[in-house]
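# Sequence and predicted structure are below.
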Amino acid sequence: MNASANDGSATASAIFAAGCFWGVEADFRKLPGVLDVVVGYTGGAMPNPTYRDVCSNQTGHAEAVRVTYDPARVSYRQLVDYFWSIHDPTTPNRQGPDVGSQYRSAIFTQGEEQTREAEASKRDAQARFARPIVTEIVPAGEFYRGEEYHQRYLDKQGVAGH
């Protein structure tokens, strides 16, 4: 866990990819205990990718969100359980009309405990889906913050309720 710079309370982070990051960000912001959500890119090899780079489907990166949360109010397992409900984890490299590996379903874990929790949640979630869950559960690499115009994009566009 990381110590919060402002008040000394403990915070933690989780990284998820579930299609276009605008909606994923808005969905996670709704959860009590979530302190911040940042959109960005992770899972590929190119350092410091731009949105244009990632959209080329040549970087290996996924559109992702980094969720900062208060583990005293919401657990990592609760975040992962919620993740299954906000997208279709059975479609490889696609969410709705968005197609490409940058839209894949993935959980980027930070340590063995997150990996165990994500795998257990995936096993439990599979019972709710007719098709196999294809979500990758992989160790997190570098997370690159997306461009400022993508942060809180739906709020900026006045799209209420997503």
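Okay, I see it.
# Quick one: residues in contact with the top helix by length along the chain.
Looking across the chain with DSSP state H, the single longest helix is helix 112-126. Contacts of helix 112-126 with the rest of the structure, by CB atoms under 8 Å, 6 or more residues apart in numbering, involve 14, 76-77, 80-81, 83-84, 89, 107, 109, 132-133, 135, 137, 139. Using the backbone N, CA and C atoms, a C-beta is placed for each residue, glycine as well.
# Show the subsequent helix or strand relative to the least confident helix or strand in the chain by mean pLDDT.
Within the chain, no helix or strand scores below strand 2-3, which has a mean of 40 by mean pLDDT, DSSP states H and E. Where DSSP states H and E defines the elements, the next helix or strand beyond strand 2-3 is strand 10-18.
# What is that following strand packed up against?
Judged by 3 or more CB pairs under 8 Å, 6 or more residues apart in numbering; DSSP states H and E, strand 10-18 is in contact with strand 2-3, helix 21-29, strand 34-42, strand 62-69, helix 76-85, strand 105-109.
# what would the ones you listed look like in TSV with mean neighbour count and distance to Gln95?
What follows is the helices and strands packed on strand 10-18, written out as TSV (neighbours: other CB atoms under 10 Å; distance: least, CB to CB, whole Å):
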stretch	mean neighbour count	distance to Gln95
strand 2-3	10	29
helix 21-29	22	9
strand 34-42	21	14
strand 62-69	25	9
helix 76-85	19	12
strand 105-109	23	8
